[in-house]
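K.L.:
sharing a model that was predicted from the sequence below.
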Amino acid sequence: MTRTTLSAIVDEVNDEMKVAMRAKDKVTLGTMRLIRGAFVNAAIDLKTEALTDDEAQTVLRKLAKMRNESIDLYAANGREDRAESERAELTIIERWLPSLADEDQTRVWVKEAISNVGASNMGKVMGALMKKHKAELDGKLTQRIVKEEIAAANA
């Protein structure tokens with residue numbers, strides 16, 4: 001089956017995988033295979049032949065989040081060797097992710113969303129933020145700031 005891609009990210013991952021094979025770079029090759037497998041699974045789940053860049057970034061964000069959680073768990077349990085392995089994979093995955101907004105920028109967007117939708121409902125504030133800035137926000141950071149800002153507005 002020939003597979004056409006709409007995503008430059010998917011094409012880059014495939015090209016990078018070939019380079020890693022030729023270089024016999026096991027870490028990069030393993031991570032590229034992991035990413036490629038996640039792309040294939042996402043395409044199957046979405047019932048599509050090819051992923052768009054946005055869909056590919058969503059998959060990459062999920063992979064990055066999983067790596068971050070694993071790093072925290074391994075580090076907390078004294079498994080620095082495994083944490084290092086996860087960090088190496090995370091570094092490779094992050095090549096295709098845009099940088100996330102810092103805390104100051106996130107706070108500005110949260111205040112803007114609160115002024116637009118009101119400070120009573122966290123779900124509405126988060127919905128407005130994700131609609132406008134989904135690819136640029138760290139979910140945990142955003143959630144924390146929204147809680148802080150709503151509490152401050154209602155105090």
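P.N.:
Looks like it came in fine.

K.L.:
can you pull the buried residues of the helix ranked longest in the chain?
P.N.:
Looking across the chain with DSSP state H, the single longest helix is helix 53-76. By 16 or more other Cβ atoms under 10 Å, the buried positions in helix 53-76 come out as 55-61, 63-64, 67, 70-71, 74. Quick note: C-beta positions are derived from backbone N, CA and C, even for glycine.

K.L.:
contact partners of that helix?
P.N.:
By Cβ atoms under 8 Å, 6 or more residues apart in numbering, the list of residues contacting helix 53-76 from outside reads 6-10, 34-35, 38-39, 42, 46, 48, 51, 80, 82-83, 86-87, 89-90, 93-94, 96-98, 135.

K.L.:
please repeat the previous calculation with a cut-off of 6 Å.
P.N.:
Here helix 53-76 makes contact (Cβ atoms under 6 Å, 6 or more residues apart in numbering) with 7, 9-10, 38-39, 42, 82-83, 86-87, 89-90, 93, 96-97.

K.L.:
list the contacts for residue 152?
P.N.:
By Cβ under 6 Å, 6+ apart, residue 152 has no neighbours at all.

K.L.:
pLDDT score assigned to residue 87?
P.N.:
Looking at residue 87, its pLDDT is 95.

K.L.:
sorry, that was for residue 4
P.N.:
At residue 4, the pLDDT value in this model is 49.

K.L.:
so which helix or strand takes in residue 84?
P.N.:
Residue 84 is part of helix 80-93 when elements are defined by DSSP states H and E.

K.L.:
for that helix, what is the distance to the chain centroid?
P.N.:
Distance, stretch centre to chain centre, for helix 80-93: 15 Å (Cα atoms, centre = their mean, to the nearest Å).

K.L.:
let me know the angle separating it from helix 53-76.
P.N.:
160 degrees (axes from the mean of the first three to the mean of the last three Cα atoms, to 10 degrees).

K.L.:
tell me which residues of helix 80-93 come out buried.
P.N.:
83, 85-87, 89-90, 92-93.

K.L.:
next one: stretch 110-117
P.N.:
110-111, 113-114, 117.
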